[in-house]
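Undergrad: Fold the following.
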Amino acid sequence: MVMTVWRSLEEIPPNMRSVATIGNFDGVHRGHQKLARTCVDRAREREALAVAITFFPHPVQVHAPEADLRLITTLEDRLDALAGYGIDATLVLEYNEKLYTQTPREFIENIVNSLGIMGIVVGEDVKFGKDNAGDVNTMRELGKEFGFEVFALDDIESEEGRRWSSSWIRDLLAKGDVKGAARVLGRPHRIRGIVQHGAKRGRELGFPTANLDDDCDGVIPADGVYAGWLIRRVEGQPAGVFLPAAISVGTNPQFDGERRTVEAHVLGRSDLNLYGEEVAISFIERLRDMTSFDSVDDLLLQMDDDIRNAASILGVAVSGRVDPEAVTAR
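TA: The predicted structure is shown next:
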């Protein structure tokens, strides 16, 4: 079943019956997943639709643009993830002045009337309405007024007692701990971007790469070399095609680079022409820090190790350098 996406209250059909969950859902991490699953369970019990209500852009991007907040996941990936956890429909509300100046009561009344809400699933720390004046107690009072149940989940904590959160994921990625980020997310972290022309040094060295600029979508992990996957969109394959890759993030200090890029070498492949194509990069494990070497030969020996280690981590056949003359992309 394909999840329905509404971009405004006006797009919602009449005579709805739903159970809803509300949040930014940036990352759709394990805490968000519990909210989604609970919403689905409560909706099924009532023979109603399970609906997620989310916002775009992120409130921080509106109220504090100077923070330069980069979302962990694109809106597209957020919607895909919510669909994967059984949500029937998602309402994406534009986060603008008209929305954030609504009182808690106005906000709830609008969504209840439009969605026929029978229940709302939230975290105990929920905040909503103008100046975040509404909390879980406000929600319960409004539930009595408008006739819906409130299912408030306790703070959802990890095994070590830390609350699952988007800020935790950002902290881990800033350290290059992509395995730790994957544990909080419940899946590997990925970014998206358009493949750009680069300096083509990798091709000359036998390691052609697909290059993404620093302004691609998603939080880029700390500088370093990683094992992961390059994911292409292919018609007829909704999940895309996963290609094993060794990925470098940084400014390429060996060649005095100044611009930060993400460069993915698809192991053993010389026949890929990805320029101008949108791809996703999924990070599985950090291999090493980004550094410069005494010579290009030393760098090449390290890169040989990198692709062997990446192949071992990803569970694919080990490949070596490719023939620069065999690279088809120009």
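Undergrad: CA atoms for contacts and neighbours, from now on please.
TA: Noted.
Undergrad: which SS class is residue 90?
TA: Using DSSP: H, G, I helix; E, B strand; the rest coil, the structure places residue 90 in strand.
Undergrad: For it, name its beta-bridge partners.
TA: Taking DSSP bridges, one finds residue 5, residue 52 as the beta-bridge partners of residue 90.
Undergrad: So the spatially most central residue of the chain versus residue 277, what's the distance?
TA: Taking CA atoms, centre = their mean as the criterion, residue 73 is the residue nearest the geometric centre of the chain, at 2.4 Å. Between residue 73 and residue 277 the computed distance is 19 Å (CA to CA, to the nearest Å).
Undergrad: who are the neighbours in contact with residue 131?
TA: The contact partners of residue 131, by CA atoms under 8 Å, 6 or more residues apart in numbering, come to 100-101.
Undergrad: My reading is that it lies in a helix. Confirm?
TA: Yes - according to three-state DSSP, the state of residue 131 is that of a helix.
Undergrad: rewinding a little: so the residue nearest to the centre of the chain makes contact with residue 217?
TA: Yes - between residue 73 and residue 217 a contact is recorded at 7.5 Å, counting by CA atoms under 8 Å.
Undergrad: any idea which helix or strand carries the residue lying closest to residue 177 once chain neighbours are set aside?
TA: Counting by CA to CA, 6 or more residues apart in numbering, the nearest residue to residue 177 once its immediate chain neighbours are dropped is residue 286, at 6.9 Å. When elements are defined using DSSP states H and E, residue 286 is found to belong to strand 278-288.
Undergrad: any idea how this protein splits into domains?
TA: Described in terms of automatic domain parsing, the domain architecture of the chain consists of the residue ranges 4-153, 188-326.
Undergrad: start to end distance for the shortest one?
TA: Distance between the boundary residues of domain 188-326 (CA to CA) amounts to 32 Å.
Undergrad: That domain: how far from the chain's middle?
TA: Average the C-alpha atoms of domain 188-326, do the same for its chain, and the two points are 19 Å apart (CA atoms, centre = their mean, to the nearest Å).
Undergrad: Out of the domains of the chain, which gets the lowest mean score?
TA: Lowest mean pLDDT within those: domain 188-326, a mean of 89.
Undergrad: where's residue 98 relative to residue 313, distance?
TA: Residue 98 sits 49 Å away from residue 313 when distances are taken as CA to CA.
Undergrad: More neighbours: which of these two?
TA: Shown here are residue 98 and residue 313; by other CA atoms under 10 Å, residue 313 has more neighbours (15 against 8).
Undergrad: Show me the strands in this structure, by range?
TA: Ranges of strands within the chain are 4-6, 18-22, 49-56, 89-94, 117-123, 149-153, 189-194, 210-213, 224-234, 237-250, 261-266, 278-288, based on DSSP state E.
Undergrad: related to what we said a few turns ago, the strand holding residue 286 pairs with which strands, and in what direction?
TA: Strand 278-288 has these partner strands in its sheet, going by DSSP bridges: strand 189-194 (antiparallel), strand 224-234 (antiparallel).
Undergrad: Can I get those in CSV including mean neighbour count and distance to residue 78?
TA: Conversion of these to CSV gives the following (neighbours: other CA atoms under 10 Å; distance: least, CA to CA, whole Å):
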stretch, mean neighbour count, distance to residue 78
strand 189-194, 23, 12
strand 224-234, 22, 17
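Undergrad: tell me how far the ends of stretch 162-180 are from each other?
TA: Using CA to CA, the gap from the first to the last residue of stretch 162-180 comes to 13 Å.
Undergrad: check contacts around the residue nearest to the centre of the chain.
TA: The contact partners of residue 73, taken as CA under 8 Å, 6+ apart, are 26-27, 190-191, 217-219.
Undergrad: Repeat that for residue 197.
TA: Each residue near residue 197 by CA under 8 Å, 6+ apart is listed here: 211, 275.
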